[in-house]
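Pasting the sequence and the predicted model now:
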Amino acid sequence: MSIAANLSAIKGEVERLNVKLIAISKTKPASDILTAYEAGQRVFGENNVQELIEKYEELPKDIEWHLVGHLQSNKVKYIAPFISLIHSVDSLKLLVEINKQALKNNRVIDCLLQVYIADEDTKYGLDFAEAIELLRDPEFQELKNIRIVGVMGIATNTDNQKMIEDEFYELNTFFHGLKQSFFRKDEAFKEISMGMSGDYKLAIDQGSTMIRVGSTIFGTRSDK
């Protein structure tokens, strides 16, 4: 199937459920992204800052770019002028830098807290206690040029569907706990970014509002 046909199939599935589709275009050429764009897709996700900047400069300016991969503090300045949403905030230090660069660009940058839910070794993501500690930190309260709009999580890479469901359920439950405790009056705090090509249906069943889908749209990822 073509990129356009793949997109049409998945959009038909998720849009009636009010779930936002982020087309994960990392390692894909700009021509593939343009094909998806011409088929109506406007939201794309990248995990590499350099690649993201190159594509931003080359492609139409009404694309909504999301950064879904790990973000180093020293690279925030390059995407701060245009990024729509950063999914992968995993420290207060990173938030402070995003706030600083957003201020320089006279913007408020939307962010998700990346929460570690997988049962496997990973370098990135806050555990539940760390996320709460961050939100309670007086330094966080002073950040006026970032806006926390929800949470993001990546499930364990496994064929065990029950395990994946449980991890998504935990993230959904945690999201609602944060909403009650920290964001009760904040209408912007509404996003749960979870689910990728292999597990997005399970994620939607467990309350996902954003799915990050690459290979189902573009085909198997090519290595750079």
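Received the coordinates, thanks. Residues are numbered from 1 along each chain as shown.

which helix is the longest one in this structure?
helix 161-182 (DSSP state H).

Following it in sequence, what is the next regular element?
strand 191-193 (DSSP states H and E).

quick one: the strands in this protein?
20-24, 43-46, 64-67, 85-89, 109-114, 146-152, 191-193, 210-213 (DSSP state E).

and the angle from the longest helix of the chain to strand 109-114?
Counting by axes from the mean of the first three to the mean of the last three Cα atoms, to 10 degrees, helix 161-182 lies at 130 degrees to strand 109-114.

What sits closest to S197 if chain neighbours are left out?
Take S197 and drop its neighbours on the chain: the residue closest to it by Cβ to Cβ, 6 or more residues apart in numbering is T216, 4.2 Å away. Yep, even glycine has a C-beta here, placed from its N, CA and C like the rest.

so who does that neighbour touch?
Residues near T216 by Cβ atoms under 8 Å, 6 or more residues apart in numbering: N6, I10, S197, Y200.

Please list all residues in contact with the residue nearest the centre of the chain.
Centroid-nearest residue in the chain, with Cα atoms, centre = their mean: H87, separated by 3.4 Å. Residues in contact with H87, defined by Cβ under 8 Å, 6+ apart, are G45, H66, L67, V68, L112, Q114, M152, S193, R212.

What's the separation between the second one and Q101?
Yep, that's H66 we're talking about. 17 Å (Cβ to Cβ, to the nearest Å).

Those two: who's more crowded?
Between H66 and Q101, counted using other Cβ atoms under 10 Å, H66 has the larger neighbour count: 26 against 22.

mind listing what the more buried one touches?
I22, V43, F44, G45, E46, I83, S84, L85, I86, H87.

Give me the below-cutoff pLDDT ranges for this protein.
For the chain, the stretches with pLDDT under 70 are 221-224.

on that earlier part again, just curious, which of the contacts of H66 is nearest to N105?
If you rank the contacts of H66 by distance to N105 using Cβ to Cβ, I83 comes first, at 9.8 Å.

ok, that closest one - how many residues close by?
Neighbours of I83 using other Cβ under 10 Å come to 26.

so it makes contact with I109?
Yes: I83 is within contact range of I109, at 6.4 Å (criterion: Cβ atoms under 8 Å).

With respect to K185, which of the contacts of H66 is nearest?
L85 (21.2 Å).

How many neighbouring residues does that closest one have?
The burial count for L85: 24, using other Cβ under 10 Å.

which ones are touching it?
E64, H66, L67, D110, C111, L112, V149.

Select only the buried ones of the residues you listed in PyMOL?
A single PyMOL command is used to select the members of these judged buried by 16 or more other Cβ atoms under 10 Å:
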select buried, resi 66+67+110+111+112+149
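
mind putting the contacts of L85 in CSV, distance to N74 included?
Listed next are these as CSV, based on distance: Cβ to Cβ, whole Å:
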residue, distance to N74
E64, 24
H66, 20
L67, 14
D110, 21
C111, 17
L112, 21
V149, 24
